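Enquirer: Could you work out the structure for the sequence below:
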Amino acid sequence: MTDEITTLVGQLGKDARAAGRILATLPADKRREGILALADAVDARKNDILEANQKDLDAGAHLSDAMKDRLALDEGRLDGAVEGLRMVANLDDPVGSVIAEWDRPNGLHIERVRMPMGVIAVIYEARPMVTVDAASLCMKSGNAVILRPGSDSLHTSRMLGEIMASAFESAGLPKAAAQVVPTPDRAAVGEILKGAGGNIDVVVPRGGRSLVERVQNEARVPVIGHLEGLCHVYLDKDADADMARDIIVNAKMRRTGVCGSAETVLIDRAVASRLVPLVTEALSAAGCEIRGDQDSQVFDDRIKAAEEADWTTEYLGPTIAMAVVDGVEGAIDHIAVYGSGHTESIVTDNQDTADRFQAAVDSSIVMHNASTQFADGGEFGMGAEIGIATGRLAPRGPVGAEQLCTYKYLVKGNGQTRP
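Expert: The predicted model follows:
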């Protein structure tokens, strides 16, 4: 079986490489047509997708509520996906765009231009719409993509893969531009991480900590990924109380299973006696359990005692950690120790304090007076995203079409030789 998987993934890689060479030189309008064809096909086959998704939900009765939320589709989510696909299609095309250009004293003209990475492999769990999101972003950026869904979303992902292949082929695009790995065998992941015979250029993991850690530990090709979303919201002494309450409730409770959900709220000691009860009341009313430090517990007996593990737990459910800190510097220090580099937000009416927070916090997304639930490629105007990258090397933050490009230098001369 291992030999069969090696052969299978190797062929997927070869086919993807050939398709990628074609995509990289296609006119932008041709790739745009393919994405629009995919949007139309998803829209037309909603019932088929929902039927396949129900099979996954029935098989996933044992999954956590957070995983079920990520797995489940309904007509509204499909409508949102279709809208996102059309947004991606109509974005400015990144391929060949000039990032910078300059002239040298010897007359050479140098341009740094965007180009596709080549072949991207995406390994993901639960979120079946990653199938079409990743395919559209890779198509927009001129990359071929190999998609390996987890077994929990297998029926939905396979259905989307069939729809995708048909849509791209109808638009005259290479059939291997986007391929779904046809087996749930975990050995396929290992072959992808080896690079499929040198044919995979980048791997993007999208899933839980164990998946991302395995990819980062075993991959022989570059990885774009994040471990988890330990997102913080800091409520400053100069925050508007109503705004602070509304933002933290939304940041935590809008959808608790997304990586942009707030997991810790930090409150300035100067206003703790006022904001701790206000925030506790609002979160409790919304059905959220609060686990706080001793300094927060003195203000409200509904707050349970936090343990050290609470500061590093991505709950992905209706639970939040709370800590009282010594102003913005205390918040910055707490995030430096416990943050995962994903998304943080400060609520304050003091611009100098906000500037200090945004400059000092080393996360991929740092917000001011906004919910962390806006940590999303669609909300950033990218149409969709493959994930939120939290490493220090580019790309960071939402990974859209532009972030899936590398660059090269074009040098134009008129006969120059180097002395």
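
Enquirer: which ones are touching residue 144?
Expert: With contact set as CB atoms under 8 Å, 6 or more residues apart in numbering, residue 144 has these partners: 16-17, 19-20, 23, 118-120, 138, 174, 176-178. (Glycine included, C-beta is placed from N, CA and C.)

Enquirer: Run through the helices of this structure in chain order.
Expert: For the chain, helices defined by DSSP state H occupy the ranges 2-25, 28-44, 46-59, 65-71, 75-89, 130-140, 154-170, 187-194, 209-218, 241-253, 272-285, 294-297, 327-338, 351-360.

Enquirer: top of the contacts of residue 144 by neighbour count?
Expert: residue 178 (32 neighbours; other CB atoms under 10 Å).

Enquirer: hang on, isn't that residue packed against residue 164?
Expert: Yes: when contacts are counted by CB atoms under 8 Å, residue 178 is listed as touching residue 164 (5.5 Å).

Enquirer: Need the overlap of contacts for those two.
Expert: In contact with both residue 178 and residue 164: residue 135, using CB under 8 Å, 6+ apart.

Enquirer: Deepest in the core, which of the helices of the chain is it.
Expert: helix 130-140 (a mean of 29; mean count of other CB atoms under 10 Å).

Enquirer: Which strands or helices does that one pack on?
Expert: The contact analysis (3 or more CB pairs under 8 Å, 6 or more residues apart in numbering; DSSP states H and E) places helix 130-140 against helix 28-44, helix 75-89, strand 119-124, strand 144-149, helix 154-170, strand 178-180.

Enquirer: so which of those gets nearest residue 224?
Expert: strand 119-124 (8.6 Å; CB to CB).

Enquirer: pLDDT on the closest one, on average?
Expert: Mean pLDDT, strand 119-124: 96.

Enquirer: Before we move on, what's the pLDDT of the spatially closest residue to residue 271 that is not a sequence neighbour?
Expert: Of all residues not flanking residue 271 in the chain, residue 237 sits nearest, at 4.8 Å (CB to CB, 6 or more residues apart in numbering). You'll see residue 237 listed with a pLDDT of 98.

Enquirer: Dihedrals phi and psi, residue 237?
Expert: For residue 237, the backbone dihedrals (degrees, to the nearest 10) come out as phi -60, psi -20.

Enquirer: For it, list the residues it contacts.
Expert: 268, 270, 271, 327, 348.

Enquirer: can you tell me which of those are in strands?
Expert: residue 268 (DSSP state E).

Enquirer: just to revisit the earlier point, between the contacts of residue 144, which is nearest residue 222?
Expert: Using CB to CB, the contacts of residue 144 come closest to residue 222 at residue 120, 10.2 Å.

Enquirer: Can you name the residues bridging to the closest one?
Expert: Beta-bridge pairing for residue 120 (DSSP bridges): residue 145, residue 202.

Enquirer: so what's it up against?
Expert: 134, 138, 143, 144, 145, 146, 200, 201, 202, 203, 204, 404.

Enquirer: And residue 46, by the same measure?
Expert: Counted by CB under 8 Å, 6+ apart, residue 46 has contacts 75, 78.

Enquirer: one more time with 6 Å
Expert: By CB atoms under 6 Å, 6 or more residues apart in numbering, the contact list for residue 46 reads residue 78.

Enquirer: Roughly how far does it sit from residue 139?
Expert: To residue 139, residue 46 is 21 Å away according to CB to CB, to the nearest Å.

Enquirer: Give me the pLDDT for residue 257.
Expert: 88.

Enquirer: which residues does it contact?
Expert: Contacts of residue 257 by CB under 6 Å, 6+ apart are 66, 69, 70, 316.

Enquirer: could I get those residues as JSON lines with distance to residue 307?
Expert: What follows is the contacts of residue 257, written out as JSON lines (distance: CB to CB, whole Å):
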{"residue": "66", "distance to residue 307": "20"}
{"residue": "69", "distance to residue 307": "26"}
{"residue": "70", "distance to residue 307": "26"}
{"residue": "316", "distance to residue 307": "18"}
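
Enquirer: Can you give me the neighbour number for residue 309?
Expert: There are 9 residues near residue 309, going by other CB under 10 Å.

Enquirer: Against residue 189, how distant is the residue nearest to residue 196 when sequence neighbours are not counted?
Expert: Sequence neighbours aside, residue 13 is the residue nearest to residue 196 in space, at 2.9 Å (criterion: CB to CB, 6+ apart). Separation of residue 13 from residue 189 (CB to CB): 14 Å.

Enquirer: Would you mind checking which of the contacts of residue 257 the model is least sure about?
Expert: Among the contacts of residue 257, residue 66 has the weakest pLDDT, 80.

Enquirer: correct me, but that residue touches residue 315?
Expert: No: between residue 66 and residue 315 there is no contact under CB atoms under 6 Å: 8.3 Å.

Enquirer: Could you pull up the contacting residues of residue 280?
Expert: Taking CB under 6 Å, 6+ apart, one finds 290, 300, 302 in contact with residue 280.

Enquirer: Of these, keep whichever come out buried.
Expert: 290, 300 (16 or more other CB atoms under 10 Å).

Enquirer: can you list the contacts of residue 280 in TSV and add distance to residue 78?
Expert: Below are the contacts of residue 280 laid out as TSV (distance: CB to CB, whole Å):
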residue	distance to residue 78
290	35
300	41
302	39
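
Enquirer: which of the contacts of residue 280 lies closest to residue 225?
Expert: Relative to residue 225, and with distances defined as CB to CB, the nearest of these is residue 290, at 30.2 Å.
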